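Participant: Give me the fold of what follows.
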Amino acid sequence: VRLINLGLQDTLLGYTSRARAYYKRALETEPNSALALCGLMLLEQNNRADYSAQLKKLTETVNSPEFAATPEELFYVETFLKLISGDVKGAAEDFKNYSEKYRADVLSACWAAMLLHSADAKEARDYVGRLAAHHEEHPLVLYMRALVEEKSEQVSDEAIKSVATAAAQLPH
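Facilitator: The predicted structure follows:
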């Protein structure tokens with residue numbers, strides 16, 4: 001679980017090489033990890049050969065009688081499959097609704113923020129503002145706080161402060 005969480009975090013942060021390495025290490029430990037396969041599929045959408053192999057493995061895994069996953073894992077797998085299929089807005093809404101129900105799951109809230117950012121910049125800024133009020137020191141939330149303003153004509157002082165604090169907490 002730790003390797004997958006690190007992979008998901010690095011995917012959010014844009015560290016694709018390191019995220020890929022985490023997912024592959026997770027699969028070495030647990031060869032039928034649906035979530036690690038989804039993580040790789042997120043990264044390999046342009047590499048059709050690898051993507052197809054991972055999709056085949058994922059299909060075999062979830063259709064296997066031995067497949068067992070927690071409700072949280074199933075949510076993430078289903079939502080990532082929605083994202084992979086091109087439904088960014090639907091995946092963003094799913095993550096947003098899930099994170100509002102399970103407020104301790106900051107990772108799902110950050111995925112919601114990132115996906116909202118690519119679908120609706122104003123909604124993303126509003127969402128991250130509410131999220132930051134509850135998780136004001138969390139480095140991923142701080143990173144998302146800055147990310148949603150990346151294309152703004154005028155970046156706020158709050159976004160600059162947030163990214164500086166996130167960088168200090170996550171120096172890598």
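
Participant: Out of the helices and strands in this protein, which is least certain?
Facilitator: Using mean pLDDT, DSSP states H and E, helix 157-169 stands out as the lowest-scoring helix or strand of the chain, at a mean of 89.

Participant: could you measure the residue nearest to the spatial centre of the chain against residue 105, distance?
Facilitator: Relative to the mean C-alpha position of the chain, the nearest C-alpha, by CA atoms, centre = their mean, is the one of residue 111, at 4.2 Å. Distance of residue 111 to residue 105, given as CB to CB, to the nearest Å: 10 Å. From N, CA and C alone the C-beta is placed, and that goes for glycine too.

Participant: same check, this time on residue 34
Facilitator: 18 Å.

Participant: Same check on residue 149?
Facilitator: Distance from residue 149 to residue 105, by CB to CB: 24 Å.

Participant: So if I had to pick from those two, which one is more boxed in?
Facilitator: residue 149 (21 against 17; other CB atoms under 10 Å).

Participant: what residues are up against that one?
Facilitator: 125, 155, 156, 159 (CB atoms under 8 Å, 6 or more residues apart in numbering).

Participant: And for residue 128?
Facilitator: 113, 141, 144, 145, 148.

Participant: give me that answer again for 10 Å
Facilitator: Applying CB atoms under 10 Å, 6 or more residues apart in numbering, we find residue 128 in contact with 109-110, 112-114, 116-117, 141-149, 159, 162.
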